[in-house]
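Asks: no sequence on this one, just coordinates:
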Ligand SMILES: [Fe+2]
């Protein structure tokens with residue numbers, strides 16, 4: 001049986017300056033080394049006090065929240081969610097290049113949103129609609145792609161929704177470069193999406209059939 005505890009802050013799959021000029025090196029450094037690290041430290045501290053949870057993966061912790069004592073539900077949601085959401089976000093991006101959206105992903109996008117442009121517009125409006133801090137997600141549910149938002153460090157319903165992409169719209173994700181202009185951050189972020197990773201997630205969702213494997 002795997003033991004996931006203690007969680008460690010794994011290196012990003014790219015350098016901190018790889019996402020320039022769309023996301024600056026300082027923001028990426030702080031986001032990974034300070035913000036994510038803090039969620040990891042707090043999650044490990046919680047799990048230290050609750051050894052029976054130490055063998056659970058992040059998705060397992062998150063889907064089992066309703067079964068846990070109420071005193072631990074909120075801190076666990078905030079911190080396990082904080083780790084899950086950030087790892088997902090960081091691994092959804094890559095150094096900008098000109099590689100096209102893979103054909104099978106494009107087909108799925110067109111089926112569900114009409115066109116890539118229409119998807120971008122709907123995703124952007126969703127990201128702009130997050131009041132305060134949170135995320136916008138692209139998830140697979142019942143075979144269809146859909147866009148949704150979560151507040152704070154909440155996650156999609158991982159028993160029903162299979163995430164394939166997310167965007168962190170907490171101010172710490174963009175404020176140093178974009179100040180209050182979330183809309184500019186979103187527009188530029190589209191250039192950073194790792195569509196191959198989205199494709200891998202879509203393929204693994206249909207092959208595994210088990211949401212908890214992601
Ligand atoms: Fe963040």
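Replies: Nice, I can see it. Not measured: the values here are computed from a predicted model.

Asks: from here on, contacts and neighbour counts on C-alpha atoms
Replies: Fine.

Asks: pLDDT weak spots in this protein?
Replies: Low-confidence segments of the chain (pLDDT under 70): 1-2, 207-214.

Asks: which helix is the longest one in it?
Replies: If you go by DSSP state H, the chain has its longest helix at helix 70-90.

Asks: helices or strands next to that one in the packing?
Replies: helix 37-49, helix 58-63, strand 162-168 (3 or more CA pairs under 8 Å, 6 or more residues apart in numbering; DSSP states H and E).

Asks: which stretch among the ones you listed is buried most, on average?
Replies: strand 162-168 (a mean of 24; mean count of other CA atoms under 10 Å).

Asks: name the strands paired with it and say parallel or antiparallel.
Replies: Sheet pairing here is set by DSSP bridges, and for strand 162-168 it gives strand 134-141 (antiparallel).

Asks: for the partner strand, buried residues please.
Replies: Applying a neighbour-count criterion of 16 or more other CA atoms under 10 Å, one finds 134-140 buried in strand 134-141.

Asks: picking that back up, would you turn the helices and strands packed on helix 70-90 into CSV with distance to residue 180?
Replies: Shown next, in CSV, are the helices and strands packed on helix 70-90 (distance: least, CA to CA, whole Å):
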stretch, distance to residue 180
helix 37-49, 24
helix 58-63, 31
strand 162-168, 14
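
Asks: wait, which of these is closest to residue 124?
Replies: Comparison of these against residue 124 by CA to CA identifies strand 162-168 as nearest, at 9.8 Å.

Asks: how is this structure partitioned into domains?
Replies: Here the domain parsing of the chain from automatic domain parsing is 25-90, 103-213.

Asks: output these as a markdown table; include the columns distance to residue 13.
Replies: As requested, the domains of the chain are arranged in a markdown table below (distance: least, CA to CA, whole Å):
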| stretch | distance to residue 13 |
| --- | --- |
| domain 25-90 | 8 |
| domain 103-213 | 11 |
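
Asks: how about those domains, which one is nearest residue 5?
Replies: Per CA to CA, nearest to residue 5 of the domains of the chain: domain 25-90, 5.2 Å.

Asks: so in that sheet, which strands flank the helix or strand harbouring residue 145, and in what orientation?
Replies: Element membership of residue 145 [criterion: DSSP states H and E] is strand 144-151. Strands that pair with strand 144-151, judged by DSSP bridges, come out as strand 134-141 (antiparallel).

Asks: got a list of contacts for the strand it pairs with?
Replies: 123, 126-127, 130, 145-154, 156, 160-170, 202 (CA atoms under 8 Å, 6 or more residues apart in numbering).

Asks: do stretch 64-83 as well
Replies: 36, 39-40, 42-43, 46, 58, 61-62, 152-155.

Asks: distance to residue 72 added to these, as CSV?
Replies: What follows is those, written out as CSV (distance: CA to CA, whole Å):
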residue, distance to residue 72
36, 20
39, 15
40, 16
42, 12
43, 11
46, 8
58, 15
61, 11
62, 12
152, 17
153, 15
154, 15
155, 16
